[in-house]
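A.B. asks: Provided below for reference: sequence and predicted model.
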Amino acid sequence: MKLRTTATLLAAAASLWTLAACPSDSTPADDTVSADVLDDTASADVVEDTATVDDTATVDDTATADDTTAADTADDDTAAADTTVADTGTPGEKATDWGTIVGTSCGTVVDELDSSSPSFLTSTWNIDVATFDTGLLDEGPAFRFAQPNAGGSSKCSEVMSLQWLVECEGADLYKIETAISYDAEGSLTDFEVTIDGQKVGVSVTRAYLGPTITDYDTAKATTLLEKKLEGVNESSANVSAEDAWVKQILFVWTLHADWVPILEEAWDALSADLKADTVIVVTVESGTTYVVTDTCDDAQ
């Protein structure tokens, strides 16, 4: 009896299990709804992703615009910098066929012509032409080189002083020493140029005591400057009206850079009457010696 009851219970349990495993007709409909919901959700995700991509594209466009603006700005800055360099150049240097002239005096002599005060200017000409080459001379200096010297041994220093004035001041030769007219006898100016349309007398000298002497002092510098300035003042007083200049330049050449401050010290101590309104230009010949030693035409 117990066995039959147990079997009956087992059979009932089995039926219940079968019903659970095989759901009713409503179950598939529920599954379909669930699937639709999932599809809608997936579609929504796609739409949201697409919107996100579009938003990203908008950000990229903005970034591109910013980059372009930055690039334009950078180009503008570069152009401004280039213009500045081109306009400014290298101050205190003048490149020439003979070599570089260093010093702020190059190009400033013209500014001194309208001043009633004397001035002391300096420069260094780094000459890199080992053998003097007349083919590098401007027309005025070449003409002066071809003429005989009126006296003394100053041909080379006069020629290169004139070349310096051509390079630095755009000077033109007006007359050489023997062509300048005077109303009275006396000291002669070495040559006359025009600078910016104004006539300027030029006297040339050398701070030079020979190839072996390197010592210099204010006494020697004073003696040189006093002698030359007396001649400058005399020629300025005697020059005829047709050749009268607005001012004179005393051009001094030296081989020794350490002599320049000695010359300036001597200049500062001179009387105002002796200096008058003279412009003194002291130039160091560097790299060669043929200007100061007056040997530029030895190989010609």
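C.D. replies: The structure has been received and is ready for your questions.

A.B. asks: The lowest-mean-pLDDT helix or strand in the chain: what's the following helix or strand?
C.D. replies: Between all helices and strands in the chain, the lowest mean by mean pLDDT, DSSP states H and E belongs to helix 26-88, at a mean of 38. Tracing the chain past helix 26-88, the next element assigned as helix or strand by DSSP states H and E is strand 93-96.

A.B. asks: Which neighbours in the sheet does the helix or strand that comes right after that next one have, and how are they oriented?
C.D. replies: Going down the chain from strand 93-96, the next helix or strand is strand 99-102, by DSSP H and E. Sheet pairing of strand 99-102 (DSSP bridges) gives strand 93-96 (antiparallel), strand 119-127 (antiparallel).

A.B. asks: between these, which gets nearest to residue 198?
C.D. replies: Residue 198 lies closest to strand 119-127 among those, at 15.5 Å (CB to CB). Where you see a C-beta, it was placed from the backbone N, CA and C, and this is true even at glycine.

A.B. asks: pLDDT averaged over that closest one - what is it?
C.D. replies: Strand 119-127 shows a mean pLDDT of 98.

A.B. asks: and the helix or strand hosting residue 158 with strand 119-127, angle?
C.D. replies: Assigned by DSSP H and E, residue 158 belongs to helix 155-169. Helix 155-169 runs at 100 degrees relative to strand 119-127, counting by axes from the mean of the first three to the mean of the last three CA atoms, to 10 degrees.

A.B. asks: Show me which residues of helix 155-169 are buried.
C.D. replies: The neighbour-count check on helix 155-169 (16 or more other CB atoms under 10 Å) flags 155-169 as buried.

A.B. asks: Tell me which helix or strand comes right after it.
C.D. replies: Following helix 155-169 toward the C-terminus (DSSP H and E): strand 172-176.

A.B. asks: Looks like residue 203 contacts residue 248 (just checking).
C.D. replies: Yes - counting by CB atoms under 8 Å, residue 203 sits close enough to residue 248 to count as a contact (6.3 Å).
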